[in-house]
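*Asks:* give me a 3D structure for the following:
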Amino acid sequence: MNLDDLNPSQREAVLCSDAPSLVIAGAGSGKTRVLTYKIAYLLEQGMQPWNILALTFTNKAAREMRERIATLVSSEKASSLWMGTFHSIFARILRTEGHRLGYDTNYTIYDTDDSKSLIRLILREMCLDEKIYKPTAVQNRISAAKNRLVLPSAYSSVREFRESDDMAKRTLMPEIYQRYQNRCKQANAMDFDDLLLNTWLLFDRNPEVAEQWQDRFHFVLVDEYQDTNFAQHQIIRLLTNRRQRVCVVGDDAQSIYSFRGADIDNILRFQETYPGARLFKLERNYRSTQTIVNAAGSLIRNNREQIAKQVFSEKEVGNPIALFPAYSDIDEANIILREVQKAHRSGIPYKDMTVLYRTNAQSRKIEDAFLHGRVPYHIYAGMSFYQREEIKDLLCYLRLSVNPYDEESLRRIINKPTRGIGDTTVRKLFLEARKTDKPVWDVLGSGSCPDVNAGTLTRLKTFYDMMAGFHESATADDAHTLAMRIAKESGLMQHVFSGHDPDDISKQENMQEMLDGIANFVQDSREQGLGTSLGDFLQEASLATDFDRNDIDKDDDSVNMMTIHSAKGLEFPIVFITGLEEGLFPSEMTSDSPRALEEERRLFYVAITRAERQVVLTYAKSRFRNGKMEYSRPSRFIREIPQQYYSPLRLPQGGETVQRQTPRVEQRLKPIRPQSAGSFVPPSRPSFTPPSAHSAGGITPSPSRGREEVGAVLSVGTPVVHERFGRGIVQALEGTGIDAKATVQFENAGTKVLMLRFAKLTVL
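*Replies:* The predicted structure follows:
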């Protein structure tokens, strides 16, 4: 091992072995190198591998460190280390010591599905309404209690839990939690959270056992310490209480998982927990250009709760940050598509480009743009918008309303949400259809089915009557009107919107995005004189859900798409960060919480620091929400990055938008080649006037020109603005009166033929 391979800050952190140490590792600063070299150094100093405990958050991180250590010392020593995830290491300890808590050595570990299945069974035994006591919500609450080391007997004494349960009408949570723990114990089983809770109980209730493991581990190292929760922090304290030989590595500026229980105070207060602890700062960034590093540093300095650091880069200055305003979320997606296509034509592989968004719901419009533009993409650590459970459920209702003979859709939603039609009844229904050679829909409509009791037949008829009513309206109502009715009358809307947990909020955002997308489809189709029925929409949606990607080598060259949370720990040459608007990023849920707002800022910091060569920011002046266009203000985070790091333009202030032209990514996103920030000359492009705070998102029409008069002043070549498609030029006019149409070439949305009586056009 050659310590000269380390920079001075890294080397200093590695050599400290006689005191607790906190290593603050800025983004891209080589924290894994420090951890691996430190373990190798301890081994070279004579410490035995089985006396070293190294805790990580992923098996991948543990595997990578072990492999690196093997190259520095030996494979034999590396394999003897106690190294792994919190859960794997604690499961190993509990295999040996679990009998002290009443568990057999061969206890079972329940995964998430096992846990949820048991919870669902308990809810049924207690005759509880799963619309109120949703299994996922109950599971999340039990998990939160365990991660805070709250036992069932103490659950009711936690005011936060009690008040939240009262609000959600889940007053029986303490009993459910107790029953769940009893059943796990009877089954000699632990869930993932029990591995933490029981390890803490083991050490807390058995001081002599805690001492034995303190003697075993002479040195404890922890990766990603900013992501630890209360339980993990307390276990580490118990293990290191005697020797105080502990080294934790992390970055408070990248603490973004409070919704999972992570507590930033663990890293911020480390030196209070371990008096005399030494602080080391890894401030050299090896990943990104100077512009990206300096911009990210300027942003995060706005946070009050942080450990001050001066991260720097010795790479080239690099390209300035590009900022693209859009008239609407549709325009934003088209801008991203345009810039990705331009960059690809300039020689940049698709796989070098990544699109990040704050919420999963934002992916739909970008996916649609990529699909229509034939740009290959891959949803990382997630699923396509149209494959999400709540979206598939709604789509199946819509499909069945148009085509009652769609058996797969019927099978999926006949008991969603729960309406007392169980799997056994569904099997009998389909069996009868096969026996009589009739469609299942016809058997359902007959009102009879062998071996099905009267009560269940009544429920089947109620479902049939509801779907038949939807079917009758499928051609009479437009897609959005009928979709809203289906979502409400089917119970889906109430089911999805009844929860308050993070998973519930995400599903609600997705459902609203889907309904807004249908409303947008109706509006677009009406303006273009096309069909607006539910069948028309489903035909359009099938292009997204059934797109044939066989001609695209997704694995080799496709644009990455993911939430910012999913991107943590990854890096990409070019990063697009979308939806930078107040209420979206930062989230509207942070408006009353300075602490939550600071986490949103850290999330933006994480997004920026994923980029190696280029950051592209986008925001929309208006976004389709709740069935209508709503005005959006640019995110405060845009203005918190000094203007010097952007391409030449004037930044938005408050409710206004960029006044000068925005540079084209094509001119900057070249195959890797150093470029000074001052060498870029933006293309000439007309400026545009920002919308007023009362505008629906496009340019505010002149008082003298209402929509009725727009057609009279249009001519070929007239510049116009559309509230969703943005700026364009009239290419052709045809027809008169209510049949008048205009062909408009939009900058980002392509060519559209619009019915003037419906089109929301404003003459510039």
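*Asks:* list the contacts for residue 271?
*Replies:* 22, 277, 279 (Cβ atoms under 8 Å, 6 or more residues apart in numbering). All C-beta spots, glycine's among them, are computed from the backbone N, C-alpha and C.
*Asks:* the second one - how many residues pack around it?
*Replies:* A count of nearby residues for residue 277, using other Cβ atoms under 10 Å, gives 18.
*Asks:* and what of the last one?
*Replies:* In terms of burial, residue 279 registers 12 neighbours under the definition other Cβ under 10 Å.
*Asks:* can you tell me the helix or strand for the residue nearest to it when sequence neighbours are not counted?
*Replies:* Closest residue in space to residue 279, ignoring its immediate chain neighbours: residue 22 at 5.2 Å, by Cβ to Cβ, 6 or more residues apart in numbering. Using DSSP states H and E, residue 22 sits in strand 21-25.
*Asks:* okay, now the sheet partners of that strand, with direction.
*Replies:* With DSSP bridges as the test, strand 21-25 is paired with strand 246-250 (parallel), strand 278-282 (parallel).
*Asks:* how about the last one: buried residues?
*Replies:* Looking back up the chat, that one is strand 278-282. Within strand 278-282, the residues scored as buried using 16 or more other Cβ atoms under 10 Å are 278, 280-282.
*Asks:* any chance of the residues you listed in TSV with pLDDT and distance to residue 614 as columns?
*Replies:* Shown next, in TSV, are the buried residues of strand 278-282 (pLDDT from 0 to 100; distance: Cβ to Cβ, whole Å):
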residue	pLDDT	distance to residue 614
278	95	37
280	96	31
281	96	27
282	95	24
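*Asks:* just to revisit the earlier point, list just the nearest of the contacts of residue 271 to residue 224.
*Replies:* The closest of these to residue 224 turns out to be residue 22 (Cβ to Cβ; 13.0 Å).
*Asks:* before we move on, the earlier item: so which of the strands paired with strand 21-25 comes closest to residue 393?
*Replies:* strand 246-250 (39.4 Å).
*Asks:* now what about that closest one, what contacts it?
*Replies:* 13, 16, 20-25, 31, 34-35, 38, 219-227, 236, 240, 267, 270, 274.
*Asks:* mind checking how far residue 280 is from residue 9?
*Replies:* 6 Å (Cβ to Cβ, to the nearest Å).
*Asks:* what's the burial count for residue 80?
*Replies:* 15.
*Asks:* ok, it - contacts?
*Replies:* 48-50.
*Asks:* so what pLDDT did it get?
*Replies:* Note for residue 80: predicted pLDDT of 88.
*Asks:* could you do the one 4 residues further on as well?
*Replies:* Looking at residue 84, its pLDDT stands at 90.
*Asks:* same question, residue 543
*Replies:* 50.
*Asks:* just to revisit the earlier point, what mean pLDDT does the strand holding residue 22 have?
*Replies:* 95.
*Asks:* now that strand: how far from the chain's centre is it?
*Replies:* Distance, stretch centre to chain centre, for strand 21-25: 28 Å (Cα atoms, centre = their mean, to the nearest Å).
*Asks:* remind me which residues of this structure are low pLDDT?
*Replies:* 381-384, 539-540, 542-556, 649-712 (pLDDT under 70).
*Asks:* ok, longest helix in it?
*Replies:* Using DSSP state H to define each element, the chain has its longest helix at helix 502-527.
*Asks:* which residue lies nearest the spatial centre of this protein?
*Replies:* Geometric centre of the chain, nearest residue: residue 563, 3.7 Å, by Cα atoms, centre = their mean.
*Asks:* what pairs with that residue across the strands?
*Replies:* residue 357.
*Asks:* follow-up on the earlier one: okay, the strands paired with strand 21-25 in CSV with distance to residue 717 next?
*Replies:* Output for those, formatted as CSV (distance: least, Cβ to Cβ, whole Å):
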stretch, distance to residue 717
strand 246-250, 59
strand 278-282, 58
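*Asks:* out of these, flag the one nearest residue 108.
*Replies:* strand 246-250 (31.7 Å).
*Asks:* now the element after the closest one, going C-ward?
*Replies:* Downstream of strand 246-250 (by DSSP H and E), the next one is helix 265-268.
*Asks:* just checking the distance from that next one to the centre of its chain.
*Replies:* How far helix 265-268 lies from its chain's middle: 24 Å, per Cα atoms, centre = their mean.
*Asks:* so for that helix, what gets flagged as buried?
*Replies:* In helix 265-268, counting by 16+ other Cβ under 10 Å, buried: 266-268.
*Asks:* shouldn't residue 38 be in contact with residue 221?
*Replies:* Yes. Between residue 38 and residue 221 there is a contact at 6.8 Å, judged by Cβ atoms under 8 Å.
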